[in-house]
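Visitor: Below: sequence and its predicted model.
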Amino acid sequence: MKKNTYSNIFTFLALFAFFGITGGMLYTGNLGRQFTNMLIPISMYIVLAVSLNLVVGLLGELSLGHAGFMSAGLFSGCLVSIALNEVLPDPLRMLISITVGGLVAAVFGFIVGLPTLRLRGDYLAITTLACGEIIKTVITNLKITGGARGLDTGAVYSSTKTLLPYAIVLVFLTVIVMMNIKNSAQGRAIMAIRDNRIAAESIGINVTRYKLAVFVIAAFFAGAAGVIYGHCFANIKAASFDYNVSIEILVIVVLGGMGNIFGSVAAAIILRALPELLRGFESYRMLVYAIVLILVMVLSSNKKIQSFRYMITGKIKKKLRERKAAAKKEKEDK
């Protein structure tokens, strides 16, 4: 538990530092155009990676349909946003559209999860991959979503400065929910299913119910992330959210570490920003990218790096306890 507390503190400090620095530079006009355009996608990939880690890392099931849930939430949320564009003020409109997008994705997660979560391993991966492709194909062939031409979101297109507060709130909400689940009795039941399904069933854990709940929660956050992501484009096509996106999110989760929330955050930032930052080195871009992938994998599992992280967060926690005790003593003396 102590180790988890240190890791959680370190994760929050990293997020505060990242959004504090980038947000401060953005609103003061000191952030370059290239990184400004990447800020919302990076934030949303953090949400996608952390939510998928609940399925892959904590539950131990391989799902390749996360992009499908993202697109389901994206198109439904953006359609609601377009319909309410001139009816409600922007903050309320965004809140409603994000909520609707998340709920629609959760419904799809339930529909897909009910029959497929009785499967395991490669069978589950193939089935979720197929379901994601079905969702993409259905959206592409609907008139209301613009068909193959895509949905025109020019009416609700928003700048990075407008979307960043919503993205930050969603990132922190996702991280907090995942941390609470991981450290709760339900989280321990989920990890028990991952470690030994038969043993978990023998002590009365309803495996199907827990697996379905995990799938629905992960799909909800994927859909909510999709809504914000869709608002930073003037046109969105379902074809852009194929199995390659699901595999990309899975790569982030694997490189960040199974069940490691901080690792998912760090890997999402690095892997989404790096290809764009290396565009000036076209000849060596993929070579450097591959080397960084290897380094991230090695360092994320290095015990010395983990010990250093826990040491730093431990000192911070100790200082907070000392300040709290001093304030309490001063209050009692008065």
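Guide: All right, it came through fine.
Visitor: Assign a three-state SS to the residue lying closest to Ile247 once chain neighbours are set aside, would you?
Guide: Using CB to CB, 6 or more residues apart in numbering and skipping the chain neighbours, the partner closest in space to Ile247 is Leu64 (6.7 Å). Bear in mind the C-beta positions are built from the backbone N, C-alpha and C, glycine included. The local conformation at Leu64, judged by DSSP: H, G, I helix; E, B strand; the rest coil, is coil.
Visitor: tally of neighbours for Leu64?
Guide: Leu64 is flanked by 24 other residues according to other CB atoms under 10 Å.
Visitor: ok, it - contacts?
Guide: Neighbouring residues of Leu64 by CB atoms under 8 Å, 6 or more residues apart in numbering: Ala125, Ile126, Thr128, Leu129, Gly132, Tyr243, Ser246, Ile247, Leu250.
Visitor: quick one: which of the residues you listed is nearest Val265?
Guide: Within the contacts of Leu64, proximity to Val265 (CB to CB) peaks at Leu250, which comes in at 15.8 Å.
Visitor: so that closest one makes contact with Leu48?
Guide: No: using CB atoms under 8 Å, Leu250 is not in contact with Leu48, being 10.0 Å away.
Visitor: related to what we said a few turns ago, what's the spacing between the residue nearest to Ile247 and Val245?
Guide: The spacing between Leu64 and Val245, counted by CB to CB, to the nearest Å, is 10 Å.
Visitor: how about a markdown table for the contacts of Leu64, with pLDDT, distance to Ala273 and secondary structure added?
Guide: Shown next, in a markdown table, are the contacts of Leu64 (pLDDT from 0 to 100; distance: CB to CB, whole Å; DSSP: H, G, I helix; E, B strand; the rest coil):
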| residue | pLDDT | distance to Ala273 | secondary structure |
| --- | --- | --- | --- |
| Ala125 | 80 | 28 | helix |
| Ile126 | 83 | 31 | helix |
| Thr128 | 84 | 28 | helix |
| Leu129 | 84 | 27 | helix |
| Gly132 | 83 | 25 | helix |
| Tyr243 | 81 | 23 | helix |
| Ser246 | 84 | 20 | helix |
| Ile247 | 84 | 19 | helix |
| Leu250 | 85 | 19 | helix |
